[in-house]
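**Student:** Build me a model from this:
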Amino acid sequence: MNTVSGMSYKIMNFKRTILMLIRLSNLAVLTAVFAYTWYTVYSQPVLPGAATEFFRKGHWLVVIIYGCLLMAFTQLNGGYRVGDYRITEMIYSNFISIIFINIIYYFVIALMWRAFPQMRSMMIMTAIQFIYVFLWCYISNKFYFKLYKAREVLFLYEAETPSIVLDKMNRRYDKYHISDVVRITDSVNFKDVIKGYDAVALDRVNPSLREQCIRDCYAQNVRLYLVPSFDDVILESSMMINLLDTPLYLMKNRGLSFEQELLKRFFDLLISVIVLLVLSPIMVLVALLIKLEDGGAVFYRQNRLTIGGKIFRIYKFRSMRENAEADGKAVLMQKDDDRITRVGRVIRKCRLDELPQLLNVIQGDMSLIGPRPERPEIAEEYYQTMPEFSFRLSGKAGITGYAQVMGKYNTTPYDKLVFDLMYLENYSLLFDIKIALMTLKTVFNAEATEGVKREETSIYADDEYE
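**Tutor:** Below you'll find the model as predicted:
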């Protein structure tokens, strides 16, 4: 059996230490920029007769809390995922975290001094932080791939042809070098096949082959990339318990608890009402532009499914020409689809077409975060090939969801379903906050609204059909 030498462990730990220091450097510099701005501009009261200047430890506390909040939101938003995320995704993640925390702190300072302080210094501080983050993301990403070379990967599959996973790994040539692609059978000897490779990528195979591969990779200390099944997702959320001296996995399979549903509903109502009030001028402008372009209806309504299979009418701003499906047959949006209006292209890129769904949230048919609602007739088609598709109805449909922030419009239905089940099986308020922050990044990601290619025919109806 192969073992990793003590020297290899030291090298791995050294690399991890270097990466940790790189991540801490980002936090340290951004916090230092805030500390300078705080001490030189915002630490003094802005009203005559207000409280005197903080004691020294008070200043430290303000700076430390800023650093902790920034670290928490950046971590939650994936801003420290050096090597895992593309440079643009890391930049978006850091930018969003900086903007969010700086806005919060501006209002905190306003509450401290009982007046709104000047914004110019805060904006300059944010700009400096942006410049540093841009440079940090670029340099740290380059440095990461100097430390970690692409792994020599053996790709194993069982079907007639490899799945799309192979193509996706080839596109990440900076992380994975596919040395060989091998089709396996029931008689395969994994111990011999996997020798000499840094890692193995196992496509979807039958359970017996899967179990054998997992055991042999574990025995030989070979890294294994495994495409998850539905059972994996459900098992991941299970609880470990003991039956006397026997360990057991407990799978409750009950969805959100009453307390979770109550808390989720409270935040759905609170945030939906606030966002509607704040964005109402934009919504009025969008409605006016849609009406002026072709004189058609402003809103688009369609039957969709939510929790328990309940059918409801979803609201969206119309982004396609009217009667786009005059024959009554659902057609998946194509790349460069000529059914989309000029106004529609703009509001789709900015996600403004989704805003009327806040009314669905207030009515109780949808949540802010959850699986995207599907058409009843399309869901029936999926039940034939993916019976597990009904599992996503154990939670209320959402305006955005884990499948939307992790994938894009033309991500395969199977992968989107797995993401939805991951969300439902691992729900928490913190998870909702993470998805909400990640949703902001998709506004700048053109791939997330991109249609499928003309030759693709599978449908996952996160779009308007007529």
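
**Student:** which sections of the stretch 251-400 of the chain are below the confidence cut-off?
**Tutor:** 253-254, 323-337 (pLDDT under 70).

**Student:** What segments of it are strands?
**Tutor:** With DSSP state E, counting those that start in this stretch, the ranges of strands along the stretch 251-400 of the chain come out as 299-305, 311-317, 367-369, 398-400.

**Student:** can you redo those strands as TSV with distance to Phe116?
**Tutor:** For the C-beta atoms, the positions are set from N, CA and C on the backbone; glycine is no exception. Formatted as TSV, the strands of the stretch 251-400 of the chain follow (distance: least, CB to CB, whole Å):
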stretch	distance to Phe116
strand 299-305	37
strand 311-317	34
strand 367-369	29
strand 398-400	32
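
**Student:** Which of those sits closest to Tyr427?
**Tutor:** Each of the strands of the stretch 251-400 of the chain was scored for nearness to Tyr427 using CB to CB, and the closest is strand 367-369 (8.9 Å).

**Student:** And the closest one, how far out from the chain middle?
**Tutor:** With CA atoms, centre = their mean, to the nearest Å as the basis, strand 367-369 stands 14 Å off its chain's centre.

**Student:** now stretch 218-227
**Tutor:** 26 Å.

**Student:** Report the contact partners of Tyr138.
**Tutor:** Shown in contact with Tyr138 (CB atoms under 8 Å, 6 or more residues apart in numbering): Ile87.

**Student:** ok, now with 10 Å
**Tutor:** 87, 90-91 (CB atoms under 10 Å, 6 or more residues apart in numbering).

**Student:** do the same with Phe14
**Tutor:** Leu147.

**Student:** so what's Thr185 closest to, chain neighbours aside?
**Tutor:** Closest residue in space to Thr185, ignoring its immediate chain neighbours: Glu158 at 7.7 Å, by CB to CB, 6 or more residues apart in numbering.

**Student:** Tell me, how many residues neighbour the one you found?
**Tutor:** 17 (other CB atoms under 10 Å).

**Student:** what's the longest helix in the chain?
**Tutor:** Across the chain, the helix with the greatest residue count (assigned by DSSP state H) is helix 258-294.

**Student:** tilt between that helix and strand 299-305?
**Tutor:** Computed by axes from the mean of the first three to the mean of the last three CA atoms, to 10 degrees, the angle separating helix 258-294 from strand 299-305 equals 150 degrees.

**Student:** Which other helices and strands does helix 258-294 contact?
**Tutor:** strand 299-305, strand 311-317, helix 342-349, helix 357-363, strand 367-369, strand 398-400, helix 429-442 (3 or more CB pairs under 10 Å, 6 or more residues apart in numbering; DSSP states H and E).

**Student:** Flag every buried residue along the fourth one.
**Tutor:** The neighbour-count check on helix 357-363 (16 or more other CB atoms under 10 Å) flags 357-358, 360-361 as buried.

**Student:** Adding distance to Val222, write the residues you listed out as TSV.
**Tutor:** Formatted as TSV, the buried residues of helix 357-363 follow (distance: CB to CB, whole Å):
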residue	distance to Val222
Gln357	46
Leu358	49
Asn360	48
Val361	47
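
**Student:** I'd say Phe73 and Phe100 touch.
**Tutor:** Yes - between Phe73 and Phe100 there is a contact under CB atoms under 10 Å: 6.0 Å.

**Student:** out of these two, which sits in the more crowded spot?
**Tutor:** Each of Phe73 and Phe100 has its neighbours counted (other CB under 10 Å); Phe73 has more, 21 against 17.

**Student:** Can you name the next helix or strand after the helix or strand containing that one?
**Tutor:** Per DSSP states H and E: Phe73 is located in helix 56-76. Heading C-terminal from helix 56-76, the first helix or strand you meet, by DSSP H and E, is helix 87-113.

**Student:** That following helix - what's its average pLDDT?
**Tutor:** Averaging pLDDT along helix 87-113 gives 89.

**Student:** Same check on stretch 232-240?
**Tutor:** Averaging pLDDT along stretch 232-240 yields 82.

**Student:** Now do the buried residues in it.
**Tutor:** Within stretch 232-240, judged by 16+ other CB under 10 Å, the buried ones are 233-234.

**Student:** Any regions of the stretch 1-150 of the chain where pLDDT drops low?
**Tutor:** 1-12, 45-56.

**Student:** Determine which of the helices and strands packed on helix 258-294 approaches Val41 most closely.
**Tutor:** helix 429-442 (27.5 Å).

**Student:** Name the residues of that closest one that are buried.
**Tutor:** By 16+ other CB under 10 Å, the buried positions in helix 429-442 come out as 432, 434-442.

**Student:** May I see the residues you listed organised as CSV, with pLDDT and distance to Met119 added?
**Tutor:** Below are the buried residues of helix 429-442 laid out as CSV (pLDDT from 0 to 100; distance: CB to CB, whole Å):
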residue, pLDDT, distance to Met119
Asp432, 91, 30
Lys434, 87, 28
Ile435, 90, 30
Ala436, 88, 25
Leu437, 82, 23
Met438, 83, 27
Thr439, 84, 26
Leu440, 78, 21
Lys441, 73, 25
Thr442, 72, 28
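
**Student:** Fine, thanks again, bye for now.
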